[in-house]
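In: I would like to see how this sequence folds:
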Amino acid sequence: MWRPAQIRLRDRFRAWFWTRFWRDDGGNSTIEFVLTFPAVMTLMLAGIELGILALHHSALERAVDLTVRDIRLGTGSAPQHDVLKTLICQRAGFIDECGVNLRLEMVRADPRNWTGIDPTPDCTDQSDEVAPVRSFVNGRENELMILRACAKIEPMFPTAGLARHMVLDGAGQYALVSTTAFVQEPE
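Out: Here you go, the predicted structure:
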């Protein structure tokens with residue numbers, strides 16, 4: 001049977017232990033590390049992913065612009081789908097498997113009766129069946145043409161940072177879209 005003196009001694013020991021425990025500052029840096037490391041890593045991975053996304057997008061934009069410039073300078077030549085796709089893929093060096101992941105769409109636009117183009121780009125999805133080119137029409141002389149290129153890119157860190165919040169297709173890729181307009185020059 002416990003005596004009251006033993007109970008008081010036990011309570012004093014507990015009070016002393018908890019007081020000493022709360023006053024001890026050993027391990028504070030470990031707790032700070034455990035609390036801040038996931039947030040810092042998430043921000044770092046998101047920054048890397050954003051940098052890679054910007055690199056891919058600027059490479060695609062530049063390749064499309066250079067290709068459309070060639071079309072404008074080559075007066076009278078009607079650009080063909082496969083030739084344009086090959087030129088864009090050669091100039092966009094950072095896009096992996098460009099021949100498979102790039103989709104082009106070219107439509108005529110009437111500037112006097114503007115209706116716009118379909119807001120959803122025509123992109124590939126490796127998890128779906130192969131679909132033909134949606135619309136690729138060569139323009140006649142002095143017609144306004146809109147060329148849209150959609151490249152699918154795999155995120156570098158698909159489960160962390162920025163990629164976790166991006167819209168991915170069934171194959172786990174996100175879409176980068178570049179749209180430009182040009183006038184089909186006369187011969």
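In: now do the least confident helix or strand in the chain by mean pLDDT: distance to the chain's middle.
Out: For the chain, counting by mean pLDDT, DSSP states H and E, helix 4-23 ranks last in confidence among helices and strands (a mean of 71). Here helix 4-23 shows a centroid-to-chain-centroid distance of 58 Å under the convention Cα atoms, centre = their mean, to the nearest Å.
In: quick one: name whatever helix or strand follows that helix.
Out: Using DSSP states H and E, the helix or strand that follows helix 4-23 in sequence is helix 28-73.
In: could you name the helices and strands sitting against that next one?
Out: Applying 3 or more Cβ pairs under 8 Å, 6 or more residues apart in numbering; DSSP states H and E, one finds that helix 28-73 contacts helix 81-91, strand 144-153, strand 174-183. For the C-beta atoms, the positions are set from N, CA and C on the backbone; glycine is no exception.
In: output the least confident helix or strand of the chain as PDB, nothing but the C-alphas.
Out: Extracted as PDB, the C-alpha positions of helix 4-23 are listed here (Å, rounded to 0.1, in the frame of the first residue of the first chain):
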ATOM      1  CA  PRO A   4       1.000   9.600   1.500                       C
ATOM      2  CA  ALA A   5       4.700  10.500   1.800                       C
ATOM      3  CA  GLN A   6       5.500   8.200  -1.100                       C
ATOM      4  CA  ILE A   7       2.700   9.700  -3.200                       C
ATOM      5  CA  ARG A   8       4.100  13.200  -2.600                       C
ATOM      6  CA  LEU A   9       7.600  12.100  -3.500                       C
ATOM      7  CA  ARG A  10       6.300  10.600  -6.700                       C
ATOM      8  CA  ASP A  11       4.400  13.800  -7.600                       C
ATOM      9  CA  ARG A  12       7.500  15.900  -6.900                       C
ATOM     10  CA  PHE A  13       9.500  13.700  -9.200                       C
ATOM     11  CA  ARG A  14       7.000  14.000 -12.000                       C
ATOM     12  CA  ALA A  15       6.900  17.800 -11.500                       C
ATOM     13  CA  TRP A  16      10.700  18.000 -11.500                       C
ATOM     14  CA  PHE A  17      10.900  15.800 -14.600                       C
ATOM     15  CA  TRP A  18       8.400  17.800 -16.600                       C
ATOM     16  CA  THR A  19       9.900  21.100 -15.500                       C
ATOM     17  CA  ARG A  20      13.300  19.900 -16.500                       C
ATOM     18  CA  PHE A  21      12.000  18.500 -19.800                       C
ATOM     19  CA  TRP A  22      10.300  21.800 -20.800                       C
ATOM     20  CA  ARG A  23      13.300  23.900 -19.900                       C
END
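In: good, wrapping up.
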